[in-house]
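J.: need coordinates for the below:
(2 chains)
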Amino acid sequence: MVSNGLMTTEMHSPPEHVVEELDRVTIRFAGDSGDGMQLTGTQFTRTTAVFGNDIATLPDYPAEIRAPTGSLPGVSGFQLSFSSSDIRTPGDQPDVLVAMNPAALKTNLGDLVPGGLLIVDEDEFNPANLKKAAYTSNPLEDGSLRGFQVVAIHITRQNELALEGLPLNAAGKFKSRNFYALGLILWLYGRPLDTTVKWAEERFGRSPETLDANLRALYAGHAFGETTEVFHTRYEVAPATVRPGTYRHISGNEATALGFVAASILSGLPLFYGSYPITPASDVLHELSKLKSFGVKTFQAEDEIAAIGAAIGAAYGGHLALTGTSGPGLALKSEALNLAVMTELPLVVIDVQRAGPSTGMPTKTEQSDLLQAMFGRNGDSAVAIVAPCTPADCFMMAIEAFRLALKYMVPVVFLSDGYLGNGSEPWRIPSLSDIPKLDWEYAKPVEGWQPYLRNPETGARTWAVPGQKGLEHRIGGLEKSGQNGDISYDPRNHHEMTLARMGKVANMTRDIPPLEVSGPSEGELLVLGWGGTYGAISSAVEAARSQGKSVASAHLRYLNPFPANIESVLRSYKKVLIPELNTGQLSLLIRGMFLVDAVPFNKISGQPFKIREIQGKIDEVLGLRGPYVLDFPQGSALSGG
Amino acid sequence: MTSTVSANGLLAGDLPVLTRKDFVSDQEVRWCPGCGDYSILAQMQKMLPELHVAKENIVFISGIGCSSRFPYYVETYGFHSIHGRALTIASGLKTARPELKVFVVTGDGDGLSIGGNHLLHAMRRNIDLTVVLFNNRIYGLTKGQFSPTSEFGKVTKSSPYGTTEQPLNPIRIALAAGATFVARSVDRDTKHLEETLFKAAQHKGISFVEVYQNCNIFNDGAYAAFAEKDVRQERMLFLEDGKPMRFGNNREHGIRLNGFTPEVVHDAESDDGLIVHDATMANPLLANILVGMDYPNYPVPIGVFRSVEAPTYDELVQKQVDAAKAKEKPDFDALLRSGETWEVS
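T.: Sure, this is the predicted structure:
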């Protein structure tokens, strides 16, 4: 997409820049984790979103807060893709790589498209940094970057010059380099500076020196692009055509938090969030703890178990009870989650999945908790499972999670993932008045009431909460009689109560939307996905169809129960391909439940699918090529290499 | 879709007069005959009417263990949860619904072993719960293994050669974690137990009562040496706030301090020099000295070790919510539109 060689050395002023129109650009900012790359990426994203492009982002940061400066593990990256048309992924490969130091170059170069634009801070390619990045020679000089358009700029030095006279030492000035780089990239793509200026004024308003330094750096970077001949082309990506409305930019974790507050308003029940900090779910706690004016109570518990225990207490008290975590935390919550199953209380558990097992790779994404959510408890114990498929979809699925929990008196697991939680996209802001209210009711003190009176339609037991006169009763983890709520070891009762608990989840089948198919309603191949892989799968399938291949896609947002029509959809195609960021967990369920010989396609690198990877597998399954094998090139942060 | 939950506990004046019988559930009590738990249940049921709280606003939450069967037998709301986690559920319930009166019933295994972490944190938060820990120094429900309060060297089913670990002192833990009300009582002294439970239930903030409870099957007589009626006055020190520390059948002996070490003064004629109990010290120095006193070197202190006032967690959380609501009218549509937005037409 980025084309042409770019440098001439002749001097003339002012330079004429050729403007080239592009449909889609993917940029990755990479630097040391102290270099502010997440901020740089986020600011470029905001500007681009406001500009009207469709955009998708992929922050990629190390688990170490500050690994040694300049080291390979310390590299932090932020990839974004923006377009004049609909896009659903942050791009397979960057067209542009901004590398703020040698370590960032080394860990990211493998992803850059051949001939792509590589912008580096030349000042940082000194012997010490080269050594930290394990370079034996300077790549800027040894010809190893010949396949790329290299733009080596003295970012550090230029930035220092721009900040001359400010009462900051060299280290203080160094901190503004990311704004210099941001200004330069904003110029390169014809973006206005005002969004970043406004943000900086709000963010650094109380520290005029910092504000001044960052703005000077920003303007200087922008001016450098404008006045030098380093670039003779600048690029334009026209705004995308999207549905009319008011838009904002939103990450999955923000949408999750807002969705649960929306559920509170739509139900009229106060929201209680019990949580223990864990990557990558902590942002949900941060967001919700700000929203006290909406009646939200957040409880930062002493551990994961206390977090869900407190939420169960709030559910028992008649509130909208939520707990949130990532995979290892879900494991700790298992026993208490089962108590919520047994006591039939409405509870939602957020799992922002990350790469496991054990501590795994906390900052990397994976879809490997599906079976844990499905089966990770003792006894026959069903919970409902929903999974948002895009960052913005987290909002609606959060509401959906509570709709089901309240209506069926069942815990619901909300399976987000690191890619969705940290990723972001433009969002057409909904109006709450367009979303149906959430129904629920507390038990009514009627003659013959007992705790396990069930709604004949849903199977839900009644919700009697402390404070209700005449409904004093006891619940707990021991099996209870379905007739009177007393402890029961009666064989028939346990058989029936187990089926009743499982049956509530099965009953939801009638209450959830059917599985939608994109593409032909029957044919050669169905690509079935779930959760955060939606963007890559749907993009790959559309691309395959545009090449005349008979391929449809369907994406599950309800994993337990499955939509009612899933089996008929599966049987409408000769082959079913299931791409997942795990070793085949949905495949196992589909094969086991429907005896469909689905083909699994699994990637467990901590990184999302690339569109071309799914395209490659589609071609293999269609017999258009030999076996497709994932590759993990050296120097590829996105492939987990 | 309106809430049917009363926002606050009913005023005492509106209450029907409740009696012990009102707090007896229809469930058959299934503890071993002779178990100390019966006494604790009886004193609790006797005490509850005195609180003048509507019974629908009272909740008992327990974990797992013999003691944790307790909620089934009390005619209030009750939640028999999972091992060690009663305090987490109680904390969530009380934070969500500060108007409820919430009791936690736990044991030495449930509260100090598997649930030890939660006990510490509930105490440091000063959440308004009344925690009653039945300490029988044994695992009863699982039929006789040593517990975290079993004495060093104790021979049990899981320690046939004697334990090789030191016990925890629950009162010391409570004081260390900053509990604002800390007391000890014993199943055999029903009057003292009822009074202590009443004081604990009336305390605003976390109240912790350790009850020495006899397991007549697996650890019979654990406290008999000092808690039986005939020796109690001689071998236990009944703490009374503002009074000099005296014990003995005729209160003839006293306790004084020698440096930081308590000393028994036999036949102390005068109160001069005897320690005057003060449970309200902001810094629980005295309580920390008393907690080290044990039979046979000393009479065993019983009663209220500490009782101080402090803001409660549930109240502070509610205040933050109320203040935030008063400051800004909640407007969700405005929240969705906060930050950068743009129009597409």
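J.: only C-alpha atoms for contact and neighbour calcs from this point on.
T.: Fine.
J.: residue B:208 - that's part of a strand, no?
T.: Yes - looking at residue B:208 with DSSP: H, G, I helix; E, B strand; the rest coil, it is inside a strand.
J.: give me the distance between it and chain A.
T.: Computed with C-alpha to the nearest C-alpha, to the nearest Å, the distance linking residue B:208 and chain A is 19 Å.
J.: what pairs with that residue across the strands?
T.: When bridges are called by DSSP bridges, residue B:208 pairs up with residue B:131, residue B:182.
J.: same for the strand or helix carrying residue A:286, what does it pack against?
T.: According to DSSP states H and E, residue A:286 maps onto helix A:282-290. The elements that helix A:282-290 packs onto, with contact taken as 3 or more C-alpha pairs under 8 Å, 6 or more residues apart in numbering or on different chains; DSSP states H and E, are helix A:252-267, strand A:271-275, strand A:297-300.
J.: contacts for the shortest one next, please.
T.: Counting by C-alpha atoms under 8 Å, 6 or more residues apart in numbering or on different chains, strand A:297-300 makes contact with A:270-277, A:285, A:288-289, A:307, A:310, B:92, B:95-96, B:317, B:321, all of which sit outside it.
J.: still on that earlier bit, how about the helix holding residue A:286: buried residues?
T.: By 16 or more other C-alpha atoms under 10 Å in any protein chain shown, the buried positions in helix A:282-290 come out as A:282-285, A:288-289.
J.: ok, residue 307 - contacts?
T.: Here I'm looking at chain A. Contact criterion C-alpha under 8 Å, 6+ apart gives A:274-276, A:299-301, A:323, B:88 as the residues in contact with residue A:307.
J.: wait, chain B
T.: Residues in contact with residue B:307, defined by C-alpha under 8 Å, 6+ apart, are B:180-182, B:203, B:279-280.
J.: neighbour-wise, which one of these leads?
T.: Taking other C-alpha atoms under 10 Å in any protein chain shown to define a neighbour, the member of those with the most is residue B:180, carrying 31 neighbours.
J.: strands of the stretch 151-300 of chain B, start to end?
T.: Using DSSP state E, counting those that start in this stretch, the strands assigned to the stretch 151-300 of chain B run over residues B:181-186, B:207-212, B:236-238, B:246-247, B:253-258, B:261-265, B:300-307.
J.: mean pLDDT added to those, as CSV?
T.: Shown next, in CSV, are those (pLDDT from 0 to 100):
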stretch, mean pLDDT
strand B:181-186, 98
strand B:207-212, 98
strand B:236-238, 98
strand B:246-247, 98
strand B:253-258, 98
strand B:261-265, 97
strand B:300-307, 98
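J.: those strands: which one's closest to residue A:188?
T.: strand B:207-212 (65.3 Å; C-alpha to C-alpha).
J.: on that earlier part again, most tightly packed of the helices and strands packed on helix A:282-290?
T.: For the helices and strands packed on helix A:282-290, the largest average neighbour count (mean count of other C-alpha atoms under 10 Å in any protein chain shown) is found in strand A:271-275, namely a mean of 30.
J.: where does pLDDT dip in chain A?
T.: A:1-15, A:637-641 (pLDDT under 70).
J.: and the residue of it closest to chain B?
T.: Nearest residue of chain A to chain B (C-alpha to the nearest C-alpha) works out as residue A:310 at 3.6 Å.
J.: now render the buried residues of helix A:282-290 as CSV, adding distance to residue A:143.
T.: Output for the buried residues of helix A:282-290, formatted as CSV (distance: C-alpha to C-alpha, whole Å):
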residue, distance to residue A:143
A:282, 44
A:283, 43
A:284, 46
A:285, 48
A:288, 51
A:289, 52
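J.: residues contacting the closest residue to chain A within chain B?
T.: Nearest residue of chain B to chain A: residue B:92, at 3.6 Å (C-alpha to the nearest C-alpha). Neighbouring residues of residue B:92 by C-alpha under 8 Å, 6+ apart: A:274, A:299, A:309-314.
J.: confirm that residue A:106 lies within a strand, as I assumed.
T.: No - assessed with three-state DSSP, residue A:106 is helix; it does not lie in a strand.
J.: that one contacts residue A:133, correct?
T.: Yes - with contacts counted by C-alpha atoms under 8 Å, residue A:106 reaches residue A:133, the gap being 6.9 Å.
J.: adding distance to residue A:503, write the helices and strands packed on helix A:282-290 out as TSV.
T.: Conversion of these to TSV gives the following (distance: least, C-alpha to C-alpha, whole Å):
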stretch	distance to residue A:503
helix A:252-267	24
strand A:271-275	27
strand A:297-300	32
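J.: nearest to residue A:442, of the ones you listed?
T.: helix A:252-267 (12.4 Å).
J.: for the closest one, which helices and strands make contact with it?
T.: Helices and strands touching helix A:252-267, by 3+ C-alpha pairs under 8 Å, 6+ apart, are strand A:271-275, helix A:282-290, helix A:393-408, helix A:418-422.
J.: of these, which is nearest residue B:51?
T.: Distances from residue B:51 to each of the helices and strands packed on helix A:252-267 were compared using C-alpha to C-alpha; the shortest belongs to strand A:271-275, at 28.5 Å.
J.: now do that closest one: everything it contacts.
T.: Identification of contacts with strand A:271-275 by C-alpha under 8 Å, 6+ apart yields A:260-261, A:264, A:285, A:288, A:295-301, A:303-304, A:306-308, A:310-311, A:314, A:319-325, B:92, B:96.
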